[in-house]
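Chemist: Sequence and predicted model, in that order:
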Amino acid sequence: MNIQDVIVSSRIRFARNINNLPFPHLLAGNEAKLQEFLNTVQNVCASKFDSDLYTVNSMNIGGNLYEGAGDYILTMLVENHLISPALGRSKLGGAIISKDKTISVMFNEEDHLREQCILEGFRLKEAYERLLEIDLALHDKLDIAYKKGLGHITACPTNLGAGMRASVMMFLPALDLGGDLRRLIKKYAAEDVTIRGVYGEGSEAKGFMYQISNQAAVGWSEEKIIAKVESVVKELCQLEEQARRAIWDRKGVNIEDQIMRAYGTLLFARVLGSDEFMINIANVKLGVGYGLLKLDIPSINRLIPKVLPYTLSVKAGKKLSPHERDIMRAKIVREALLACKTK
């Protein structure tokens, strides 16, 4: 089993706040320091990467495509992990997102700043180095709240200190189906590492996708956080490989049948629901891991967010009915699977 069959992406996130500026949930919106802060963040980001600005109240998209387009774009950004669900509840919130979608700097979410870098594959250290360059530039221009002995001051006490979360998105079907994840969640929680669903705390693990991240940052250096998460991820890769072998030994032909039926559905369906897609694409990815299908896993991973409900409507430039989305999804999936065949 190749490590890319299990690891989808790596993310580093920093939480930062500004001295003498109320936490976002206490902001009135007319504070002079708030506008100064926002201007500085935009200027620093503009100097570091090509980006687009999105705000919750008025999506800056070059003009609305249709009534309610802003809400659709907001949800699309959540679907693609470029902003958090919590940002949509902040009247003064927004995000500066790089053109290549690897960097997102959210402002006025739970903290004044939530900076993140997401990269494909197992690249926590690279994501950290890229984000650190931006973070240092922001520290240079802003009065970041930091106290000796505590570290970065954050809205949530669990983020105190480094103010950093390191997370890896993993595809863990065998551990899930075998019932091992419940035990592992408890085991790693005792080591301050958490296993959550696709969109973080309280979310579902759609398509057997899980986020593995540090649970707390208090007293931990950035290096220790990354090392700990990397260690757990490597262990989970080994356990997933063992679990897949065990399932194959017990149910080989049935698993193969399940995988090939899923592949056939995705190749030939003309109407494809979101839940049906997630179930079948998970089986197809498992088939690649078993060597039954010759497909490029990174291409499949990039396909998944492209066919989520709000992302499809934004791509179409209009509100799509559920049936219209299902037709569009089936076409995109069919073409993508044919394109990502490998020799």
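Modeler: Arrived safely, thanks for sending. Numbering: from 1, shown residues only.

Chemist: which stretches of the stretch 151-300 of the chain form strands?
Modeler: Ranges of strands in the stretch 151-300 of the chain, per DSSP state E, counting those that start in this stretch, are 151-152, 164-171, 193-196, 209-214.

Chemist: And the residue nearest to Asn280 when sequence neighbours are not counted, how far from Val193?
Modeler: Take Asn280 and drop its neighbours on the chain: the residue closest to it by Cβ to Cβ, 6 or more residues apart in numbering is Ala262, 4.0 Å away. For every residue, glycine as well, the C-beta is placed using N, CA and C. Distance of Ala262 to Val193, computed by Cβ to Cβ, to the nearest Å: 31 Å.

Chemist: Same question for Leu53.
Modeler: Per Cβ to Cβ, Leu53 is found 34 Å from Val193.

Chemist: Then Asn301?
Modeler: Counting by Cβ to Cβ, the gap from Asn301 to Val193 is 22 Å.

Chemist: More neighbours: these two, which one.
Modeler: Val193 (24 against 20; other Cβ atoms under 10 Å).

Chemist: Quickly list what that one is bridged to.
Modeler: On the basis of DSSP bridges, Val193 is bridged to Asn214.

Chemist: My guess is it contacts Gln211. True?
Modeler: No. With contact defined as Cβ atoms under 8 Å, Val193 does not count as touching Gln211 (10.7 Å).

Chemist: what's near enough to touch the residue lying closest to Ile83 once chain neighbours are set aside?
Modeler: Using Cβ to Cβ, 6+ apart and skipping residues adjacent in sequence, the residue nearest Ile83 is Leu77, 4.5 Å away. When contacts are counted by Cβ atoms under 8 Å, 6 or more residues apart in numbering, Leu77 touches 54, 83, 95, 97.

Chemist: how about the helices in the stretch 51-200 of the chain?
Modeler: Shown for the stretch 51-200 of the chain, the helices assigned by DSSP state H, counting those that start in this stretch span residues 69-79, 124-141, 173-177, 181-189.

Chemist: Select, out of these, the one closest to Ala330.
Modeler: helix 69-79 (18.3 Å; Cβ to Cβ).

Chemist: Check the gap between Gly207 and Lys99 for me.
Modeler: On the measure of Cβ to Cβ, Gly207 and Lys99 end up 27 Å apart.

Chemist: Sorry, wrong one. I was asking about Cys237.
Modeler: Distance, Cys237 to Lys99, using Cβ to Cβ: 32 Å.

Chemist: repeat for Arg123
Modeler: 19 Å.

Chemist: Ala227 now?
Modeler: Ala227 sits at a distance of 31 Å from Lys99 (criterion: Cβ to Cβ).

Chemist: Look at the two and report which has more neighbours.
Modeler: Neighbours per residue, other Cβ under 10 Å: of Ala227 and Lys99, the larger number sits with Ala227, 15 against 10.

Chemist: gap between that one and Val233?
Modeler: Taken as Cβ to Cβ, the span from Ala227 to Val233 is 11 Å.

Chemist: pLDDT below threshold where in the chain?
Modeler: For the chain, residues meeting the criterion pLDDT under 70 lie at 58-69, 198-205, 217, 343.

Chemist: still on that earlier bit, could you dump the helices of the stretch 51-200 of the chain into CSV with distance to Glu110 added?
Modeler: Converted to CSV, those look like this (distance: least, Cβ to Cβ, whole Å):
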stretch, distance to Glu110
helix 69-79, 15
helix 124-141, 17
helix 173-177, 29
helix 181-189, 22
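
Chemist: which stretch among the ones you listed comes nearest Glu109?
Modeler: Of all the helices of the stretch 51-200 of the chain, helix 69-79 sits nearest to Glu109, with 11.8 Å by Cβ to Cβ.

Chemist: So which bits of that closest one are buried?
Modeler: 69-70, 72-79 (16 or more other Cβ atoms under 10 Å).

Chemist: I'd like the distance from that helix to the chain centre, please.
Modeler: Centre-to-centre, helix 69-79 and its host chain are 15 Å apart (Cα atoms, centre = their mean, to the nearest Å).
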